[in-house]
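*Asks:* Fold the following and give me the result.
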Amino acid sequence: MTKKIAVIVGSLRKESLNRKMAHELISLAPPNLAMEIVEIGQMPLYNQDLDQDPPTAWKEFKERMKGMDGVLFVTPEYNRSVPSVLKNAIDVGSRPYGQSIWDKKPAAVMSVSPSALGGFGANHHLRQSLVFLNVPTMQQPEAYIGGAAQLFDDKGKLNNDSTREFVRKFMQAYGEWVERQTPSPR
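*Replies:* Just a heads-up that it's a prediction; the model follows:
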């Protein structure tokens with residue numbers, strides 16, 4: 001059975017290395033995963049005062065995410081943590097308390113950075129939030145893609161065979177993770 005997977009990109013930049021990687025992840029996904037990017041940049045900042053009458057963008061995001069079987073986060077690192085747009089999407093989706101759209105959705109995290117560290121800080125900060133939100137997150141293989149500015153050609157495709165093979169294996173492992181985390185229909 002095919003699982004619907006949201007791909008959430010933590011960068012808003014049109015030529016983002018993370019967006020390019022998200023497209024490569026989608027193209028290398030195993031057949032059991034139907035993946036699509038869910039945009040997060042249009043949502044106003046989370047404010048608890050708006051929980052009773054939420055902005056339309058919040059409602060649309062939550063409704064779309066409720067129909068997803070899992071989520072794959074692709075994020076850069078800003079100041080050793082996740083970008084504010086990604087944290088905002090997590091907060092919007094987790095509130096009001098007891099109505100989280102994240103609960104039990106199998107996830108994976110890939111951080112992509114031009115630096116040698118590959119977004120290590122963002123990857124781990126995001127994982128901390130996912131633990132609190134009861135999101136079972138794939139532990140292995142870990143995915144910190146450093147030196148990413150050199151990994152894409154002028155069409156946004158991976159130009160490095162070893163990185164492409166790693167991404168393919170990462171996606172295969174994630175497909176298996178989703179299957180293990182999803183109860184079989186009775």
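*Asks:* where's F152 relative to S129, distance?
*Replies:* F152 sits 28 Å away from S129, going by C-beta to C-beta, to the nearest Å. Where C-beta positions appear, they are placed from N, C-alpha and C, glycine not excepted.
*Asks:* Then Y97?
*Replies:* Counting by C-beta to C-beta, the gap from Y97 to S129 is 15 Å.
*Asks:* One more: K59?
*Replies:* For K59, the distance to S129 (C-beta to C-beta) stands at 22 Å.
*Asks:* Neighbour count: those two, which is higher?
*Replies:* S129 (17 against 12; other C-beta atoms under 10 Å).
*Asks:* what's the strand or helix carrying that one packed up against?
*Replies:* For S129, the host element (DSSP states H and E) is helix 120-132. Packed against helix 120-132, as judged by 3 or more C-beta pairs under 8 Å, 6 or more residues apart in numbering; DSSP states H and E, are the following elements: strand 70-75, helix 84-94, strand 107-112.
*Asks:* So which of these is nearest P55?
*Replies:* P55 sits nearest to helix 84-94 of all these, at 9.1 Å, using C-beta to C-beta.
*Asks:* Next, the angle helix 120-132 makes with that closest one.
*Replies:* 0 degrees (axes from the mean of the first three to the mean of the last three C-alpha atoms, to 10 degrees).
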